[in-house]
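Undergrad: give me coordinates for this.
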Amino acid sequence: MDNSRRDFFQKSTVAAAAGMMGLSSNTTMAESQESGHQKQEAHQMVKGLTLLSMLQKDGAETLGVKTPAGILDVRAAARGLKKSAPLTLDELLQGGNAAGLYNLIATAQQGSGPRFLVNESAITYGRLFQKPGKIVCIGLNYRNHAREIGMQPPRVPPLFNKYNNTLAAQHCTIQVPPKEISYKLDYETELLVVMGQSARNVSEDQALACVAGYCTGQDFSARDLQLELPNGQWMIGKTLDHFAPIGPYFVSADLVGNPNALKIETRVNGELRQSSNTSDFIFNTQQIIAYISRHFPLEPGDIIFTGTPEGVIQGKPVDQRVWLKAGDRVESSIEKLGTLQFSLV
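TA: Numbers count the residues shown, from 1 in each chain. The predicted structure is shown next:
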């Protein structure tokens, strides 16, 4: 085994052990006295890992674990080692079986694991999320963005939503709709919050304890549908197919630290368009979670788009707005979370 692969397994074992130790104090695995099988008694959030989704040859979109030596193909490892483990991020988050993933990683390091490693450059990314319970979005949540469009900061977080048809993967393509439907297409790079525990009437002090991790997301928008139809049609303007690319990674919350102090940028065809920091939030991550949870419960696997900073096309003077078009390439970057890339066709 070469040094890089040995390092992977050493580091992965440490991460798995740390994750097991870091499970919340009310999370236990108890032996059934009658059957001898384990049963899960509480929800377990993943810690210490960076995850992605791999598009397999049969069309399945399954988990990969990012390591210094390559990507651990979770489905291949689970099959080859005859271990049960969550195979998608939705399954991991909603089922709360972080222990199953840690166990698979620990088993893989015992000698046969390298055959389940692949180079990240060789994979096709799948959708990180396929069936989240809720996709909640926050509008107008950066101070400088409010200024650029001439609006007062909102008194409470403005909420809207996207649907699962909008979900798309790293390196996806977004098809430009017919011009009679929409042509005023705009980018919105956003920090994505991923829930790992149920939250109902949660306090701001406890809100971050319910977060499993974070991603780079894009709240792609059709401004003419959103703002120019009678009474405004935010739902339509935000929910055309593939209008929510997410990726390339899900990074567990413990590796990110403070979500309210992350650099965030957008480039279009290599040109820097947005450059800000989540410290410019009007409502920080804790406030957003607490506010939403007062109105309806947030569940494991739910995702929250936290708003976009200044620099969007809509914020420019009318005579300077050049809307996105087929052939454009968009890059959305957030500190510690990687760069999401997609193009328009």
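Undergrad: from now on I want contacts and neighbour counts done on CA atoms only, so please keep to that.
TA: Noted.
Undergrad: can you give me the strands for the stretch 101-250 of the chain?
TA: Using DSSP state E, counting those that start in this stretch, the strands of the stretch 101-250 of the chain run over 117-118, 135-138, 159-161, 167-168, 172-174, 185-186, 189-195, 211-218, 221-222, 244-245, 250-252.
Undergrad: against which helices or strands is the helix or strand encompassing residue 340 packed?
TA: Element membership for residue 340, per DSSP states H and E: strand 338-344. Applying 3 or more Cα pairs under 8 Å, 6 or more residues apart in numbering; DSSP states H and E, we find strand 338-344 packed against strand 172-174, strand 211-218, strand 329-334.
Undergrad: and if we set it to 6 Å?
TA: Strand 338-344 sits against strand 172-174, strand 329-334, with contacts defined as 3 or more Cα pairs under 6 Å, 6 or more residues apart in numbering; DSSP states H and E.
Undergrad: now it: buried residues?
TA: 338-343 (16 or more other Cα atoms under 10 Å).
Undergrad: got TSV for these, with pLDDT and distance to residue 282 too?
TA: Output for the buried residues of strand 338-344, formatted as TSV (pLDDT from 0 to 100; distance: Cα to Cα, whole Å):
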residue	pLDDT	distance to residue 282
338	97	24
339	98	24
340	98	24
341	98	27
342	98	28
343	98	30
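Undergrad: looking at those, spot the one nearest residue 44.
TA: residue 338 (24.8 Å; Cα to Cα).
Undergrad: residue 102: which of the strands of the stretch 101-250 of the chain is closest?
TA: Nearest to residue 102, of all those, is strand 250-252, at 13.5 Å by Cα to Cα.
Undergrad: what is the rounded mean pLDDT of the following helix or strand past that closest one?
TA: Following strand 250-252 in sequence order, the next helix or strand is helix 253-256 (DSSP H and E). Averaged over helix 253-256, pLDDT sits at 98.
Undergrad: what's helix 253-256 in contact with?
TA: Helix 253-256 has contacts (Cα atoms under 6 Å, 6 or more residues apart in numbering) with 212-213.
Undergrad: now do 8 Å
TA: 47-49, 211-214, 336-337 (Cα atoms under 8 Å, 6 or more residues apart in numbering).
Undergrad: adding neighbour count and distance to residue 62, write these out as CSV.
TA: Output for the contacts of helix 253-256, formatted as CSV (neighbours: other Cα atoms under 10 Å; distance: Cα to Cα, whole Å):
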residue, neighbour count, distance to residue 62
47, 24, 19
48, 21, 19
49, 20, 16
211, 26, 22
212, 23, 18
213, 29, 18
214, 27, 18
336, 17, 22
337, 25, 19
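Undergrad: pLDDT-wise, which helix or strand of the chain ranks last?
TA: strand 29-31 (a mean of 30; mean pLDDT, DSSP states H and E).
Undergrad: quick one on the thing from earlier: convert the C-alpha atoms of the strand holding residue 340 to PDB, please.
TA: Taking Å, rounded to 0.1, in the frame of the first residue of the first chain, the C-alpha atoms of strand 338-344 are listed here in PDB:
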ATOM      1  CA  GLY A 338     -15.300  24.300  -2.600                       C
ATOM      2  CA  THR A 339     -16.400  25.700  -6.000                       C
ATOM      3  CA  LEU A 340     -19.600  24.800  -7.700                       C
ATOM      4  CA  GLN A 341     -19.400  25.000 -11.500                       C
ATOM      5  CA  PHE A 342     -22.100  24.800 -14.100                       C
ATOM      6  CA  SER A 343     -22.900  26.100 -17.500                       C
ATOM      7  CA  LEU A 344     -25.900  27.300 -19.600                       C
END
